[in-house]
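Trainee: Pasting the sequence and the predicted coordinates here, then a few questions.
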Amino acid sequence: MKRITTLLMLLSLALVAAAAAASDYEGTVRAGFVATDYEGFRGVDHPSMNVYEGALLSLEGFSYRMDNGMRVTADLKSIAMNNRNLTLGIAKSGRGSLTLSHNKYQRIYGEDSGTRTRRQVTNGRFWWQLHKSVRVFGGLGQTEKRGMYVPLFVIDTVLAIGEVDYSHLLYHGGVTFRDGRRLAQVEYYGSDFGDDVSSLNDRKSSRIRATASAPLPNYENIVLNAGFQHYVNRIENRDDTLRANTVWGGARFFYGDGYVLRYSFIFDRARRTGDLSATDNIANALYVGKTWKGQGGLMLGYRYTLQDDVVDEITGNGYYVSGWARPVAKLMLKAGYGSEKSEVQAGRTLTGDADYTREWGSVKYETPYGPVRVKVENKNRDNDDIGSEVDFIRVATDMSMRLDRYGEMRGSYAYHTGEYENSAGTFEYNGHVLSGDLMTESYRGAQGGLSGTYYRAKQDVDVESFRVGLTARYTFESGLGMQAIYTAYNFDNLADSSPVYTEYLTTNVVEFSLSYEL
Amino acid sequence: MVRHGRCMRSPLRILCGLLVAGLACANVALAQDSEIDNETCLSCHDGYELSLESTAHRLTAEARKPATAVACVSCHGGAEVHVDDPSVDNIGRPQAMTSSGVEALCASCHQPHTAIGGVGSDPHAGQDISCVSCHTIHKNHGGLLKDDEGAFCGQCHVAAVNDFELRSSHPMTAQAMTCISCHDFTGTKSPDFGHGPEANCIGCHPQQSGPFMHEHQAASSFSPEGDGCLSCHNPHGSPNERLLAQPGDALCFQCHGTPPAHMTAHEGLATNYNCMDCHSNVHGSNDNQALLDPQLGTMISGQPDGCFCHNVGGF
């Protein structure tokens, strides 16, 4: 691991040195230190789980353009730390591109970071324009996760520990043929999953897909698309294979000024050798829309679905309507309604028939300083046969404001409530999320910032958490700058019932860094 | 019921027909038929060429055919009138067009995301959302998106952004992922009917994915009874641990009742333990059909086969 860190540091230095010798570049080099202080149980607070103490080194927003049009970009955050988030790319527009990325994230389960899982995601992607009409692309990626975790429910009152240790290799490649509005694409995706805890989970999958899209001859306003996919997921040690063949297609028809008609279908058959089961999935969807330029729009839709296996057959009928209106230039109204009824036509399923509905509406108003938005949403699911029902309501508002001489600020508030009813009882909760941030304009090189988030959940849960951040920044005319950020995290489960630990955490983080704008 | 063979023939025929029809279509010139060249535009709009220089829309494109070169007038129509009367009202601006108009304009060169892999509903359709709602042409961000982190999604999805501040959530605030990590519009992750909408989830959580020898049908959208991961988890955030929609046994009771024997066996098993104390392999099991913990016997009686009633380890 130290070798990778050293390599990254050398790479950063090379990029900065190369940039210094060129004329067309930009970016910021940042070096500093992060100090942390914890009190409580770290495994309860998500936002602070990925904070580390130690030396900080970053190369942010780096871009270096060569005379031949090639561009090197890098955004290497926290190079020396375990929460590193790195992206590196080289591209020449219209010719090709290569992008590499690496991200690390940890999830803590214990009182300290001793019981944790750590995930590493590394990806590389490229595309190359072989010919004006032919592009090849591909990629290789690996996800690794290792560590110890605590199951959510354990049979005893002591912390049980589980182990996770796997590697997931993903690779893909393909070719795109394009000629004007006509496109055809063939691609292959493969994956290899290896579980070092239980080899019974090892598997390999592959997916071959072909797609095509083109306007109808002599009717340029009718665009057709179609595709086919063959998917295989094989469990190596059990000789168990899931295979699926999928065909889809559709058409979009633009008519006159603002009319649009869309139709799409999908047919999928998935079969499993292990238990000889097979499932058909069929869907047909039709949408009709009309837009009145700058004033409003309306969309009506219908969707029919069918799921059919050896035992059960389930059909679904869904209806959708949505629209928007702009009665005056600064005011935008949007609303929508969707309803879907799922019915068991043959066989008998555990959950029976289901009704889904969703209504929502939003208002956006542009003030001279920035937009103000309000959104209301209601979702409902009803399984009459088993006496199960879910109601969910969410209201959110936000505003952002920019004053040229003073700075900018953003604030939002969300209220949500959920009610779950079933044969055994009711679970209800409501929650409030209040968040905002403010950053002043630079005054003689000095800037200040304040940010915060407060969360409170009540009824059958009783949780309170907040995060407060303060930023002070000073930039010299030479491009050299210094920055100090203080962040406090707090989490408290007021209905804590764990016999093993207290669900409480307070974290203080101070980050000090020097920066230089290239 | 499943019908093998015949059902696949019709869609395949349609597909082949569409492919042949598509490849027989006529080509379309990219640049609009206009006498106004880039130099004329840049004489007033000086510097705009720099914003395009590192993008596929660069005005210095080394196009092999003039008809496929990108010019200012490729996107901004009506330049002839605008040259004589330089008003913002008489030049074509995608921001001022209808969403379908923008889509039609961009589709002159690009395939809309919905054309490549989209099936069924397009949630952005009918909302005055077009290509330029998420893409900014005169910027150099990756994919010409408005910003690198996908923060522009939050400009409309206000409530969803706040979900990431709940008790448990995906690590958006830690910048370990973005909206685009899951909501992929390029068609590379969908459609995945039959083997799961959760195909999105297993990219990062492959250990929870099957096929298992014994599936939990709710967790597998391979089964008609299952909605996949979303049967139990709220992916953005939840007031409960591990993104669960409900805490404890309530989650199980949304589909299952309590088996009568559980009320009497083991001195009232159901009242003394949570469902998942024993049925811990909720995502699926390679050991037993009841999704029981394979170590259950050891935990209860100290013997691996001590929990013989449940046939743990066998099946």
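Mentor: Nice, thanks for sending it over. Residues are numbered from 1 along each chain as shown, chains lettered A, B, ... in the order given.

Trainee: next structured bit after the helix or strand bottoming out on mean pLDDT in chain A?
Mentor: Across the helices and strands of chain A, mean confidence by mean pLDDT, DSSP states H and E is lowest for helix A:2-20: a mean of 64. Downstream of helix A:2-20, the next assigned helix or strand under DSSP states H and E is strand A:25-40.

Trainee: Report the buried residues of that following strand.
Mentor: Under the neighbour-count criterion of 16 or more other CB atoms under 10 Å in any protein chain shown, strand A:25-40 has A:25, A:27, A:29-30, A:32, A:34, A:36, A:38, A:40 buried. Any C-beta I mention is one placed from the backbone N, CA and C, and that applies to glycine too.

Trainee: Show me what it is in contact with.
Mentor: Here strand A:25-40 makes contact (CB atoms under 8 Å, 6 or more residues apart in numbering or on different chains) with A:12, A:16, A:19, A:48, A:51-65, A:74, A:81, A:112, A:483, A:491, A:502, A:504-518.

Trainee: starting at the chain centroid, how far to it?
Mentor: Per CA atoms, centre = their mean, to the nearest Å, the displacement of strand A:25-40 from the mean C-alpha position of its chain is 25 Å.

Trainee: After it, which helix or strand is next?
Mentor: Next along from strand A:25-40, by DSSP H and E: strand A:54-65.

Trainee: what angle separates that next one from strand A:25-40?
Mentor: On the basis of axes from the mean of the first three to the mean of the last three CA atoms, to 10 degrees, strand A:54-65 is oriented at 160 degrees to strand A:25-40.

Trainee: what are the C-alpha coordinates of the helix or strand that comes right after strand A:54-65, in CSV please?
Mentor: Toward the C-terminus, strand A:54-65 is succeeded by strand A:70-77 as the next helix or strand (DSSP H and E). What follows is strand A:70-77, C-alpha atoms only, in CSV (Å, rounded to 0.1, in the frame of the first residue of the first chain):
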residue,chain,number,x,y,z
MET,A,70,-4.3,16.5,-25.9
ARG,A,71,-5.4,17.2,-22.4
VAL,A,72,-4.3,15.6,-19.1
THR,A,73,-6.6,16.0,-16.2
ALA,A,74,-6.2,14.9,-12.6
ASP,A,75,-8.2,15.2,-9.4
LEU,A,76,-6.2,13.4,-6.7
LYS,A,77,-7.8,14.0,-3.4
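
Trainee: wait, what's in contact with the residue lying closest to residue A:495 once chain neighbours are set aside?
Mentor: Distances taken as CB to CB, 6 or more residues apart in numbering or on different chains place residue A:462 nearest to residue A:495, at 3.9 Å, with adjacent residues excluded. By CB under 8 Å, 6+ apart, the contact set of residue A:462 is A:493-495.

Trainee: is it possible to export these to CSV including neighbour count and pLDDT?
Mentor: Shown next, in CSV, are those (neighbours: other CB atoms under 10 Å in any protein chain shown; pLDDT from 0 to 100):
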residue, neighbour count, pLDDT
A:493, 21, 90
A:494, 13, 88
A:495, 12, 85
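
Trainee: circling back: now render the buried residues of strand A:25-40 as JSON lines, adding distance to residue A:375 and pLDDT.
Mentor: Listed next are these as JSON lines, based on distance: CB to CB, whole Å; pLDDT from 0 to 100:
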{"residue": "A:25", "distance to residue A:375": "41", "pLDDT": "82"}
{"residue": "A:27", "distance to residue A:375": "37", "pLDDT": "89"}
{"residue": "A:29", "distance to residue A:375": "40", "pLDDT": "93"}
{"residue": "A:30", "distance to residue A:375": "36", "pLDDT": "94"}
{"residue": "A:32", "distance to residue A:375": "39", "pLDDT": "94"}
{"residue": "A:34", "distance to residue A:375": "36", "pLDDT": "95"}
{"residue": "A:36", "distance to residue A:375": "36", "pLDDT": "95"}
{"residue": "A:38", "distance to residue A:375": "36", "pLDDT": "93"}
{"residue": "A:40", "distance to residue A:375": "35", "pLDDT": "91"}
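
Trainee: Buried ones among the contacts of strand A:25-40?
Mentor: Buried among the contacts of strand A:25-40 by 16+ other CB under 10 Å: A:12, A:16, A:19, A:48, A:51-52, A:56-59, A:62-65, A:74, A:81, A:483, A:491, A:504-505, A:507, A:509-511, A:513, A:515, A:518.

Trainee: you'd agree residue A:181 is up against residue A:216?
Mentor: No. Using CB atoms under 8 Å, residue A:181 makes no contact with residue A:216, being 10.6 Å away.
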